[in-house]
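Novice: Okay, here's the prediction I keep looking at, along with the sequence it came from:
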There are 2 protein chains.
Amino acid sequence: MADINSKLEIGVTTGPIRGSKKIHVGPRRVAMREISLEPSSGEEPVRVYDTSGPYTDAACSIDISAGLPALRRDWIMERGDVEAYDARQARPEDNGQLGPDRSGGVPAFPNVVKRPLRAKPGMNVSQMYYARRGIITPEMEYVAERENLGRAMAKDHVRDGQSWGAEIPEYVTPEFVRSEVARGRAIIPNNINHPESEPMAIGRNFLVKINANIGNSAVASDVANEVDKMVWSIRWGADTVMDLSTGRNIHDTREWIIRNSPVPIGTVPIYQALEKVGGVAEDLTWEVFRDTLIEQAEQGVDYFTIHAGVRLPYVPLAAKRMTGIVSRGGSIMAKWCLAHHKESFLYERFDDITEIMKAYDIAYSLGDGLRPGSIADANDEAQFAELYTLGELTKRAWAQDVQVMIEGPGHVPMHKIKENMEKQLEACGEAPFYTLGPLVTDIAPGYDHITSGIGAAQIGWYGTAMLCYVTPKEHLGLPDRDDVKVGVITYKLAAHAADLAKGHPASQVRDNALSKARFEFRWRDQFNLSLDPETAEQYHDQTLPAEGAKTAHFCSMCGPKFCSMKISQEVREFAAKQNAGIETFVAAEDAEKGMKEMSKVFKETGSELYMGQGDREHD
Amino acid sequence: MADINSKLEIGVTTGPIRGSKKIHVGPRRVAMREISLEPSSGEEPVRVYDTSGPYTDAACSIDISAGLPALRRDWIMERGDVEAYDARQARPEDNGQLGPDRSGGVPAFPNVVKRPLRAKPGMNVSQMYYARRGIITPEMEYVAERENLGRAMAKDHVRDGQSWGAEIPEYVTPEFVRSEVARGRAIIPNNINHPESEPMAIGRNFLVKINANIGNSAVASDVANEVDKMVWSIRWGADTVMDLSTGRNIHDTREWIIRNSPVPIGTVPIYQALEKVGGVAEDLTWEVFRDTLIEQAEQGVDYFTIHAGVRLPYVPLAAKRMTGIVSRGGSIMAKWCLAHHKESFLYERFDDITEIMKAYDIAYSLGDGLRPGSIADANDEAQFAELYTLGELTKRAWAQDVQVMIEGPGHVPMHKIKENMEKQLEACGEAPFYTLGPLVTDIAPGYDHITSGIGAAQIGWYGTAMLCYVTPKEHLGLPDRDDVKVGVITYKLAAHAADLAKGHPASQVRDNALSKARFEFRWRDQFNLSLDPETAEQYHDQTLPAEGAKTAHFCSMCGPKFCSMKISQEVREFAAKQNAGIETFVAAEDAEKGMKEMSKVFKETGSELYMGQGDREHD
């Protein structure tokens, strides 16, 4: 695998995804991935949405100490509404170095920006601000081109689906993007201090997106490994990445990640603030929190999870629950409120926070600190009390033209998922919903990527704009590289299933291309069109390793005699020839020939599989 | 792992599932699994539905050459409506031995029944026949006890859910089982020649069931391995097993499997019939097929997949499709119809088949030979034309009091799943629906247990009675032992999610027990209550291996400082003490103490995890 080799050389995973190449489309040179199919098939290459950035571009050389090119720099400067200023000084506590132990530090990023950007006094640099004034930004143009991918190929496709009130257009224009951002139904998270990011939109009328979480290792000796967690996640399709690091080295690690990230980066600032006060929730203050927001704003964090909906009066509601509060940020704020018996300073100071957000174009991800952590607690009083407060805060943020999305649960049985979506749309004025799963049962630890993937596909269909992944290690331990990949692929397929069900105009192009390849026994095309080509080929080769099998006109499940696909191809030929008179039995003759050919190929490719068992699909 | 060790000794997987023991309940001694929780917790043991048979009973010794005890023998004989007769003679072609190569044979089962049972002339021994005459059989009593599991524990549980028209009673009586079987809304598949089976019901008003498929290996040198495929599937929760073997040794292998199976066994007789005519579909005849039905009926097969709905006029409809016919049985019959330009002999002879079924109490599983094999073909003319024919055949089978279930798709996007369920209920008079997935997208080969688990959970919620599993190898290769386990666990969680959403009175008991254990940091109880205790513990130990961690009051995701569960326990204590006056700051003090304790435990259990990253659920 190219990526693995390259990793050894330069520290992060690079190299094209097999069977595809990077292309750049339109005046804004929007990055896309193109999968080319077997020439013999006469099929067009298939273009797919690409989150992987320059790391999968054979034409790019990667140097993580230099960071990625600043794609958006000129766009930002040309607006003339920002100023550079002397950055806040980094302090030891920014890296969680309060105690005597300062070991395990990571090197500072070589080219740290000394003079970050912020809005000029009185200015607002949020995409929502521009949108509401009728301005179409280059970021909006980029998003439009990116979201339109495939629609040209899909022109003959008959529109189909149940959108539950979403208004997905046949074709996405920059004006449509602007209007969606203007009314708060979509966000484009991109801090002006993260010019390396490729603009993307989160909203119910765009493709469903997914987020992957990463966090720092205990001893971050190799910074490349920290950066590679992000690179690995986006390689498989993460649209945004949240850095949930705690403890040591988080400031420096975050800098390395942002400088090398083509996708928006989200954080939960309360984590770092808590570190700055030695982990004692009661000692948190507005000043420490504000300082942390500025610190991260200058580094370029694109969205902040803020648990401002956890209000003092709601805390007792959570105490009645089966599993109390399962959100870290939520429980920290609940503890602060109780210890001081005061209203949350995040709620009290919300407008001050918004003032900071709009000076950098940071989007809110309003945290659901009281989301249910078990089936028993789903859709309860505590959860919905907070949701309606998040709706109130959404409108307060919008009043200052700051972008907002809303975080959602959690653990919810299937019959209660739709209520979550409906209440969120109503309470939050269609601000994008960003959910974790939800997990539809509690009884499958070790398989919670699946229990949550089931809920994610459904809530995505109902209108959730971004799905936060869950790995197989959820509730049990820390995900490793394989867990992250499985989590991302699971969520990509859930998001795609949602797009199909909503009737996204182009979503079925890839399904059709893969199914056609399957029917025509183009095995390599099947692998390359799949979300995880390497795994697909490995699984195939475990049973039919021979190269010849890649072109065999049957598969291992049934063997030639029982190959339904082959037989139904004969049926199709026969039906086509019916005018020649039914009694000519063309099919039978064809079959004889076909069987002989197949048996020959088959002998070459491992006849011990002749009696291979069938999957149920092939009964 | 006990099972692995035992396997080496006696050829199949035995030993209790960790943390639980086998119990037998009620006058019919219904087998259940009881999971006992940490005594300190003061929690009742949790009883769960058990499909694993004597293999997980520490009190039983297993000898596969003797087979399982004939649990139902007396029940069958006492009805006085059966007679023993000389069995059909097994022939070489029954084992696919037409050609010169007779190698790789398996030994015949030592105690093959020479005189199988069938209904006396003019009699009908189907459970439906008895039910319709008001007779409550021991099988129905067994099912009632089995389905009631947990309802006693759940008595305080507030009923909740959306059942889409299912009529799930608070408590299942034998009379309820009878009435469901009588009206065809549930089946109890149990051939009178398979007295080893533990009765179970498939119907929308009972727990959602799952099926696992197995098939013979190319060279079945070790018959124990063939039997163990069944034993391994039921260990993890398969309610029925389909033997989809083709080619050599299938008669003898089937005998070994049935004699050792506590769950109903299903087959697709057309596969063996095709072997008997050398794999040439056109050479199939009613006589060969009938002979195969008798052969398998005498062995004790509990349900037959019969593709009688693939009629000549429907074949051209399938020719227009993206992926034609993906059912093996369906394509074989389509080819036969075209080659002879005649109506299917399965359709023409349907009443003759029913005559055989009722003499042994074999249930129909009417095959969906024209199910869609791709998103593009979902819910098309060919599929629904066949479905309505299956509805017609259902009524013809019911006219002779023979039990019926209906097989369903396949590949269906989420927004078209409900239509499948609704049309099936209408066309087939609520006969149980038995679906494969459906897969909600085509683009994730290697992850089709998940793409199909998403569809399975939904259609199970809508009313499907049994879900046929799909493994990660679907479309790519033959599932191995691990694939089978992953497939079964995935479908168990999907079926359970469906029970929860339907509002099954007892379904949430296990979720609550596990979530309570999670909140109280009873790690071992969490593992033991999960669908796959071994995987859950392994994942946990990868991050926190120390024994101490099994009792640590935090987990690896957050470490003690960020442990939301711990903090919210403090919140709960605090709320409880509020009468003592808010200004006493109990929470803060408790916290200090708590933190010190936790830090101590934590140091012992691997403080390198102190800065462990959080899953998103813990943000």
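Specialist: Done, it's in.
Novice: Residue A:156 and chain B: what is the separation?
Specialist: 12 Å (CB to the nearest CB, to the nearest Å). For every residue, glycine as well, the C-beta is placed using N, CA and C.
Novice: now swap in residue A:84 and tell me
Specialist: From residue A:84 across to chain B, the span is 32 Å (CB to the nearest CB).
Novice: Now for that residue: which residues touch it?
Specialist: With contact set as CB atoms under 8 Å, 6 or more residues apart in numbering or on different chains, residue A:84 has these partners: A:115-117.
Novice: Go through the residues you listed and name the one nearest chain B.
Specialist: Set against chain B, the nearest of these by CB to the nearest CB is residue A:116 (25.5 Å).
Novice: Neighbour-wise, give me the winner out of the contacts of residue A:84.
Specialist: Counting neighbours by other CB atoms under 10 Å in any protein chain shown, residue A:117 leads those with 24 neighbours.
Novice: Kindly state the pLDDT recorded for the residue lying closest to that residue once chain neighbours are set aside?
Specialist: Leaving out its chain neighbours, the residue that sits closest to residue A:117 by CB to CB, 6 or more residues apart in numbering or on different chains is residue A:82, at 4.4 Å. At residue A:82, the model reports a pLDDT of 98.
Novice: Also the one 3 residues further on?
Specialist: The per-residue pLDDT reported for residue A:85 equals 98.
Novice: isn't it right up against residue A:115?
Specialist: Yes. At 6.2 Å, residue A:85 counts as touching residue A:115 under the criterion of CB atoms under 8 Å.
Novice: Save the contacts of residue A:84 as CSV, and put in pLDDT and secondary structure too.
Specialist: Shown next, in CSV, are the contacts of residue A:84 (pLDDT from 0 to 100; DSSP: H, G, I helix; E, B strand; the rest coil):
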residue, pLDDT, secondary structure
A:115, 97, coil
A:116, 98, coil
A:117, 98, strand
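Novice: near chain B, anything from the helix or strand residue A:292 falls within?
Specialist: Using DSSP states H and E, the element containing residue A:292 is helix A:286-299. No. Using CB under 8 Å from any CB of the partner chain, helix A:286-299 stays clear of chain B, coming no nearer than 14.9 Å.
Novice: chain center to that helix: distance?
Specialist: Taking the mean of its C-alpha atoms, helix A:286-299 sits 26 Å from the chain's own mean (CA atoms, centre = their mean, to the nearest Å).
Novice: which residues make contact with that helix from outside it?
Specialist: By CB under 8 Å, 6+ apart, helix A:286-299 touches A:87-88, A:90, A:94, A:113, A:116, A:118, A:191, A:193, A:251, A:254-255, A:258, A:267, A:269-270, A:272-273, A:276-277, A:304, A:345-346, A:348-349, A:352-353, A:356, A:359-360, A:362.
Novice: What is the burial count for the residue nearest to residue A:117?
Specialist: Considering only other CB under 10 Å, residue A:82 is surrounded by 20 other residues.
Novice: tell me which residues of stretch A:353-367 are tucked away?
Specialist: A:353-354, A:356-367 (16 or more other CB atoms under 10 Å in any protein chain shown).
Novice: Quick check: neighbours of the helix or strand that the helix holding residue A:292 is followed by in the sheet, parallel or antiparallel?
Specialist: Downstream of helix A:286-299, the first helix or strand assigned by DSSP H and E is strand A:303-306. According to DSSP bridges, strand A:303-306 forms sheet pairs with strand A:265-267 (parallel), strand A:363-366 (parallel).
Novice: Any of the contacts of helix A:286-299 buried? List them.
Specialist: Taking 16+ other CB under 10 Å as the criterion, what is buried in the contacts of helix A:286-299 is A:87, A:90, A:94, A:113, A:116, A:118, A:191, A:193, A:251, A:254-255, A:258, A:267, A:269-270, A:272-273, A:276-277, A:304, A:345-346, A:353, A:356, A:359-360, A:362.
Novice: coming back round to it: go through the helix holding residue A:292 and flag the buried ones.
Specialist: A:288-299.
Novice: so what's the residue nearest to residue A:117 bridging to?
Specialist: With DSSP bridges as the rule, residue A:82 is bridged to residue A:119.
Novice: What residues does it make contact with?
Specialist: A:76, A:117-120, A:123, A:125, A:192.
Novice: What helix or strand is whichever residue of the stretch 301-450 of chain A sits closest to chain B located in?
Specialist: Of all residues in the stretch 301-450 of chain A, residue A:324 sits closest to chain B, at 3.0 Å by CB to the nearest CB. Using DSSP H and E, no element contains residue A:324; it sits outside every helix and strand.
Novice: Please verify my assumption that it contacts residue B:520.
Specialist: No. Look at residue A:324 against residue B:520 with CB under 8 Å: they stay out of range, at 10.8 Å.
Novice: ok, the two, which is more surrounded?
Specialist: Relative neighbour count places residue A:324 above the other of residue A:324 and residue B:520, with 26 against 18, counting by other CB under 10 Å.
Novice: Ramachandran coordinates for that one?
Specialist: With angles defined as degrees, to the nearest 10, residue A:324 sits at phi 50, psi -130.
Novice: Likewise for residue A:245?
Specialist: phi -60, psi 150.
Novice: so it touches residue A:271, yeah?
Specialist: Yes. At 7.4 Å, residue A:245 counts as touching residue A:271 under the criterion of CB under 8 Å.
Novice: Looking at these two now, which is surrounded by more residues?
Specialist: Neighbours were counted for residue A:245 and for residue A:271 using other CB under 10 Å; residue A:245 has more, 29 against 26.
Novice: Please work out how many residues are found near the nearest residue to the more buried one once chain neighbours are set aside.
Specialist: Closest residue to residue A:245 apart from its sequence neighbours, by CB to CB, 6+ apart: residue A:216 at 3.8 Å. Neighbour count of residue A:216, defined by other CB under 10 Å: 27.
Novice: what's the spacing between the nearest residue to residue A:251 once chain neighbours are set aside and residue A:334?
Specialist: With sequence-adjacent residues excluded and distances taken as CB to CB, 6+ apart, residue A:251 is closest to residue A:94, at 3.8 Å. Per CB to CB, to the nearest Å, residue A:94 is found 26 Å from residue A:334.
Novice: I'd like the average pLDDT over stretch A:240-260.
Specialist: Rounded mean pLDDT across stretch A:240-260 is 93.
Novice: What residues are bridge-paired with the residue nearest in space to the middle of chain A?
Specialist: Closest to where the C-alpha atoms of chain A average out (CA atoms, centre = their mean) is residue A:210, at 2.2 Å. Beta-bridge partners recorded for residue A:210 (DSSP bridges): residue A:467.
Novice: Going along the chain, name the helices of the stretch 401-550 of chain A.
Specialist: A:417-427, A:448-462, A:481-502, A:508-519, A:523-529, A:533-543 (DSSP state H, counting those that start in this stretch).
Novice: The residue nearest to residue A:117 and chain B: what is the separation?
Specialist: Separation of residue A:82 from chain B (CB to the nearest CB): 30 Å.
Novice: Kindly report the same for residue A:537.
Specialist: 9 Å.
Novice: Next, count neighbours for the residue nearest to that residue when sequence neighbours are not counted.
Specialist: What sits nearest to residue A:537 in space, not counting adjacent residues and going by CB to CB, 6+ apart, is residue A:527, at 4.6 Å. For residue A:527, the tally of surrounding residues (other CB under 10 Å) stands at 26.
Novice: pretty sure residue A:302 contacts residue A:265?
Specialist: Yes. Using CB under 8 Å, residue A:302 is in contact with residue A:265, at 5.4 Å.
Novice: Give me the more crowded residue out of the two.
Specialist: residue A:302 (28 against 25).
Novice: what pLDDT does that one get?
Specialist: For residue A:302, pLDDT reads 98.
Novice: Understood, closing this out.
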